[in-house]
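Chemist: Attaching a predicted model along with its sequence, questions to come.
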Amino acid sequence: MARNNRRPLGLGKVLLRVFGFFFVSLLCGVLISGFVVPVVALTSTTVGGSIGFYESLPGQLDVESPSLSSKVVTADGQLIATFFAENRVKVPLEEMSPFIREAIVAIEDSRFYEHPGVDAHGIMRALTSNLTKGTKQGASTLTQQYVTNVLNESRLSQGRPEDVVLSGEKTVGDKLREIKLALELEKRFSKDQILEGYLNIVFFNRNAYGIEAASRYFFSTSAADLTLPQAALLAGLVNGPSIYDPTVDPAAALARRNLVLDRMLEQGKITAVDHGVAVATPVELNITPSLQGCAGAAIATYFCDYVSHLILNDEAYGDTVQDRERLLYRGGLTITTTLDSRLQAAAQQQVDASAGDNPDKWGAAMTTVQPGTGKVLAMAQNTVFVPQDGKFDTQLNFNVDAKDENGYDLNGAGGFQPGSTMKPFIYAEWLNEGKNPTAVVDASRRVYPVGFPWRSSCGKVLGGYSTAQKAQNLGADDDLQNNDPGYYRPMPINYGLYNSINTATFATAAQLDFCGIQRMVDTVGLHSGLDNAPINMHQIGNLLGSIGVAPLVLASAYATFANDGTYCKPIAITEISDAQGREYEAQTPECREAVKPAVARGVNSVLQDVLKLGSGVYIEPKVQSRVPVAAKTGTSNNNGATWVAGYTTALATASFFGDTTAGQQRAGQNVTINGKFYKSLDGYMIAGPQWANYMMEATALYPSGPFTAPAPPPAPQPTTSPAAPRVGP
């Protein structure tokens, strides 16, 4: 026989324990019998004071839904990411394996279906053991444990983690409060409701709160499909999540699991055969890590980040940022987005392929929006959100603005110089002013000196600039350069556009009202990606795209032409609901007529020629051979930012490739990318195939029709015959 090394108790300690025994016995009798006053009157003033304290405690417990995980999903139901403060998914009792229901009762509270919330027999048994054996047995029922969990969850949800009370830290007051609330709770809810609430709230592991999350984390299964050995292991965990964690101490977890199985056998919940098979079953884990937020997104990491910022920035989801964070991380939301998982996969494949291993960290990004709705269907870039060996990592989103229109952070890179993708908007104003789409302009002119008579009719203030500032900004002494030397000559304006001739763009602007150009750029939603400010088109360099624009913004602007002149603000969220079925405000299409249909049709006509005859003629594959498509290439002055923005009647996509490092000063000249040397990067070289390969897949999923043809133009003026097609910036 093992020797008992416990020292004998002194007389004083024995008397204290005996007194405690009778005190608790009396107190329990009073509580459970309805707090009989005559019995209390016969006790000491100490007991009377305790009962008085007890009666002063609140008897109502607000049982709200515990903190639940929120999930972001694609339009076609694919999971993007999960947000949680506590990884928890609520499930009804009938969707839990009967094994877990029986196991948790067997090990934690075998008389659960018999007592009224507080188990006098259990208290007496535990107290007797503690007094006579010096042990520390607890006597909390499942109802009492549920009360404790609800109270602690409420404190956490209110941002009061310091007020959380653990089992070993409870005072007499805490225990009395717990007892009273447990008794009252049993009057309001059925036993099954309490058991369901308990199993959904209880802590199993820092990665798993509630039985569904625990089932997924430890066994990659659902609570409904737990086997007997799995259920017994999880039931054993709640008594000591760190002690019995099978990933930390498998032996302890196994012993605890088998103890649960023994109790289930003793209580007649399983047969001896079931018990024998379960005990002989080894602990076989299948861990599914609980990935938090966008860093753990299954797909579309940066789109996820964009969606999270839309919610955290919007007062529709809470008065303060803290309120909005609480809703996102604890509200059990299902956030349905506009993303098409098929397009997203295709876009991600293309941006990842553009730079290959990418030791020099060149950035690739692509966004697709749907004309007519503004829905963001795809958003991809060639980086990782969390650092990985050999990968280009950043948390900045290349596709969106740095800030929204209210100045709130969007975590965007701030846009990139759009280069010649700005030229169609100059041409659109040309058509808007009723000018001939094939008129000849003098593209031989290369110098526009200070004092050149640019036209600006919009008064003293435009976009925050005074008349004097306008005059100064409109001055330019630069010697304009084209990509190739053979284009300094008169040419039709449409020819100058689809061949991307800089001097033709300036010659076009020289005959226009800059206030009209400004309105055209503003009405299609173009703005600075850095601060969301309007692009000041009275600064002459902005005719050639010197202010950074985000791919999402550029795609939305081009979608205006695709949609016969109607601009739709981009949207990413179509529905938000919580576990109780409550609906929250989501985004709906916000569209407006921005460009006259005749103008949009004229632009579409010329931009189709970009791929057939002009600066995009070398882009492979030939999307234009499959569907009617319009596009424009773009390249910044130092070739560090290159683009193709193109569209069908069903999809508009902005494709970017270039320098995304801080400052964006790196030139795209004499560089080797993906094993190929480039003397100077151009939009058609990398951004072009990236766009074309993607659109070949995307257009198969989103069928489109021909663009509406523009009205026939007036008879063309005599011109010098244009040279052969060329590629421009």
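Modeler: Now that the structure is in, tell me what you want to look at. Residues are numbered from 1 along each chain as shown.
Chemist: I'd guess residue 251 is in a helix, am I close?
Modeler: Yes - using DSSP: H, G, I helix; E, B strand; the rest coil, the assignment for residue 251 is a helix.
Chemist: pLDDT at it, what is it?
Modeler: With respect to pLDDT, residue 251 has a value of 97.
Chemist: count of residues packed around it?
Modeler: 9 (other Cβ atoms under 10 Å). Backbone N, C-alpha and C define where each C-beta goes, glycine included.
Chemist: and it, how far is that from residue 245?
Modeler: Note on residue 251: its distance to residue 245, by Cβ to Cβ, to the nearest Å, is 12 Å.
Chemist: do the same with residue 672
Modeler: Relative to residue 245, residue 672 is positioned 50 Å away (Cβ to Cβ).
Chemist: cool, residue 147 as well?
Modeler: Going from residue 147 to residue 245 by Cβ to Cβ gives 25 Å.
Chemist: between these two, which one's more packed in?
Modeler: Neighbour count, other Cβ under 10 Å: between residue 147 and residue 245, residue 147 has more, with 26 against 17.
Chemist: where in the stretch 101-250 of the chain is pLDDT low?
Modeler: Where the stretch 101-250 of the chain drops to pLDDT under 70, the residues are 125-139, 167-168.
Chemist: Where do the helices of it begin and end?
Modeler: Assignment of helices within the stretch 101-250 of the chain using DSSP state H, counting those that start in this stretch yields the ranges 120-133, 142-157, 172-188, 191-201, 211-219, 228-237, 250-266.
Chemist: ditto for the stretch 351-500 of the chain
Modeler: Using DSSP H, counting those that start in this stretch, helices in the stretch 351-500 of the chain cover 423-432, 467-473, 493-498.
Chemist: weakest of the ones you listed in terms of mean pLDDT?
Modeler: When the helices of the stretch 351-500 of the chain are ranked by mean pLDDT, helix 467-473 comes last with a mean of 39.
Chemist: nearest residue to residue 391 other than its sequence neighbours?
Modeler: residue 384 (4.6 Å; Cβ to Cβ, 6 or more residues apart in numbering).
Chemist: ok, back up a step: and the helices of the stretch 101-250 of the chain as TSV, adding distance to residue 572?
Modeler: Formatted as TSV, the helices of the stretch 101-250 of the chain follow (distance: least, Cβ to Cβ, whole Å):
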stretch	distance to residue 572
helix 120-133	53
helix 142-157	27
helix 172-188	41
helix 191-201	31
helix 211-219	27
helix 228-237	37
helix 250-266	43
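Chemist: quick one: which of the ones you listed is nearest residue 337?
Modeler: Among those, helix 211-219 comes nearest to residue 337, with 22.5 Å by Cβ to Cβ.
Chemist: can you give me the angle that closest one makes with helix 191-201?
Modeler: Inter-element angle recorded for helix 211-219 and helix 191-201: 50 degrees (by axes from the mean of the first three to the mean of the last three Cα atoms, to 10 degrees).
Chemist: what are the C-alpha coordinates of helix 211-219, in CSV please?
Modeler: What follows is helix 211-219, C-alpha atoms only, in CSV (Å, rounded to 0.1, in the frame of the first residue of the first chain):
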residue,chain,number,x,y,z
ILE,A,211,-17.7,22.6,-29.9
GLU,A,212,-17.9,23.3,-33.6
ALA,A,213,-14.6,25.2,-33.7
ALA,A,214,-13.0,22.6,-31.5
SER,A,215,-14.2,19.8,-33.8
ARG,A,216,-12.8,21.6,-36.8
TYR,A,217,-9.5,22.5,-35.2
PHE,A,218,-8.6,19.1,-33.6
PHE,A,219,-10.2,16.7,-36.0
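Chemist: Brilliant, that's me finished.
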